[in-house]
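K.L.:
Model the following, please.
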Amino acid sequence: MAAVVVSLATDVSLKRLEAPCAYNRATDDLFQVNDDGFAFLERALAGAPAADADPEFLATCLAEGILVEAAAGAPARATAVTAVADAEPSLRYLLVHLTTRCNLRCGHCYLGDPAALDLPVELIAPLLDDFAGGGGLRLLLSGGEPLLHPRFHEINALLPDRDVRVVLLTNGTLLDRDTAARLNVHEVQVSLDGMEAAHDALRGTGSFAAALAGLRTAKAAGLQVSVASTVNALDVPDFDDLAELVHDLDVWQWTIDVPSDAGRFADRPDLHVPLGAAARVLHLSSPSGSHGDDEDYTCGAHLAAVMPDGAVCKCGLLPEVRGGNVRSGLQVAWRALPHQRTATLGEACRACAVLAECRGGCRYRAGGLLCEAPDPVQCYRFGVV
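P.N.:
Numbering: from 1, shown residues only. Okay, here's the model as predicted:
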């Protein structure tokens, strides 16, 4: 009988971040392991005898889907590499604004009304290599509406065989059967801002039905589907019904947030809602998929955004906080970005009982990246106010 060997599961990658980890991009699970365990997982890239592993560690890895059994002599994985982050905090999540083009004109869009601009396709492959090679976990493709990039099909063709999880952030209205079948992504996140009347009042007549159809089409194509919702004066009464709809859709995750006072939302006071009322629905959101962000840093410790002009920013709400341009290298720009530590927050935050979970909240809503003030939305959410 052939000796039993174990191999790293197809969707699992090894990442040396602040600690050695195994990342399952299909399930978005990150597992921290010790040095001995990581060394064994590296050997398992080419197939390692099961007898060489600590029995308890082996059982855990098999149960969690990190390792799979294989016969001796099975071919090694083609992507037998280990990604290494050379910066702290590590860059784990990358939001790429592919284009400013959009087929909707949403009342809460923080981008406002920019001129049409598309991220050059020739920048995409080096960007993906730089992100994956530096330990990146989750690539978020956004816009505008990302499907409106005039060369989206070329970008889509570059996505397979990368050791990162790819998520498409879309309004859902352009997701027909053919488009969904061709997508090389793991997850499609569709925006639903209330039930039909509220959603259409915010995003345009017919947009709710189109978004719902797109979501179901993506799900039928075998893609994981999630929902993103914003809290505004139009949809606050809808959240009980929306929660029931999201449950019936059986989505991967439901993200709920309060829009920031930027772009078109800044000019729509009629959409603003008292923070106390907003806080009452935020608990419906699914648990954060941040893999336990470093408590030493404030919000977005491991996140950067790439704008359509190639600029690398702290986030899309803070485009002026730049570390450089992807043309000079993503990791170079990441190391040049400022990163705020929780120790530099004001006394109200530093003494707060929920600081480890909140970490100062959204720094844009607090007043700026290096501002000492707390995020008032989070204060209401956690019952501090």
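K.L.:
wait, Cys313 sits on Ala304?
P.N.:
Yes. Under the criterion of CB atoms under 8 Å, Cys313 makes contact with Ala304 at 6.9 Å. To be clear about C-beta, it is placed using only N, CA and C from the backbone, and glycine gets the same treatment.
K.L.:
dump the residue contacts of Ala279.
P.N.:
377, 380-381 (CB atoms under 8 Å, 6 or more residues apart in numbering).
K.L.:
follow-up on the earlier one: overlap in contacts of Cys313 and Ala304?
P.N.:
Counting by CB under 8 Å, 6+ apart, the contacts common to Cys313 and Ala304 are 323, 337.
K.L.:
just so I have it, where are all the helices in the stretch 1-150 of the chain?
P.N.:
35-44, 55-63, 124-133 (DSSP state H, counting those that start in this stretch).
K.L.:
Of those, which is nearest Ala211?
P.N.:
Closest approach to Ala211 among the helices of the stretch 1-150 of the chain is made by helix 124-133 (26.2 Å; CB to CB).
K.L.:
In CSV, please show the C-alpha coordinates belonging to that closest one.
P.N.:
Provided in CSV are the C-alpha atoms of helix 124-133 (Å, rounded to 0.1, in the frame of the first residue of the first chain):
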residue,chain,number,x,y,z
ILE,A,124,-3.1,45.4,-13.8
ALA,A,125,-0.7,42.4,-14.1
PRO,A,126,2.2,44.0,-12.2
LEU,A,127,-0.2,45.3,-9.6
LEU,A,128,-1.6,41.8,-9.1
ASP,A,129,1.9,40.3,-8.9
ASP,A,130,3.0,42.9,-6.4
PHE,A,131,-0.1,42.4,-4.2
ALA,A,132,0.0,38.6,-4.2
GLY,A,133,3.8,38.4,-3.8
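K.L.:
Which positions within it qualify as buried?
P.N.:
If you call a residue buried by 16 or more other CB atoms under 10 Å, then helix 124-133 has these buried ones: 124, 127-128, 130-133.
K.L.:
closest one to Gly206 among the helices of the stretch 1-150 of the chain?
P.N.:
Checking these against Gly206 by CB to CB gives helix 124-133 as the closest, at 31.9 Å.
K.L.:
who does that closest one touch, helix- and strand-wise?
P.N.:
Packing partners of helix 124-133 (3 or more CB pairs under 8 Å, 6 or more residues apart in numbering; DSSP states H and E): strand 82-84, helix 330-336.
K.L.:
how far out from the middle of the chain is it?
P.N.:
Centre-to-centre, helix 124-133 and its host chain are 16 Å apart (CA atoms, centre = their mean, to the nearest Å).
K.L.:
Next: stretch 134-149.
P.N.:
Remark: stretch 134-149 is offset 9 Å from the chain centroid, using CA atoms, centre = their mean.
K.L.:
Any idea how far apart the tips of it sit?
P.N.:
26 Å (CA to CA, to the nearest Å).
K.L.:
Ala348 is in contact with Pro376, isn't it?
P.N.:
No. In this structure, Ala348 is not within contact of Pro376 by CB under 8 Å, at 11.0 Å.
K.L.:
Comparing these two, which residue is more hemmed in?
P.N.:
When Ala348 and Pro376 are compared on other CB atoms under 10 Å, the one with more neighbours turns out to be Pro376, at 18 against 13.
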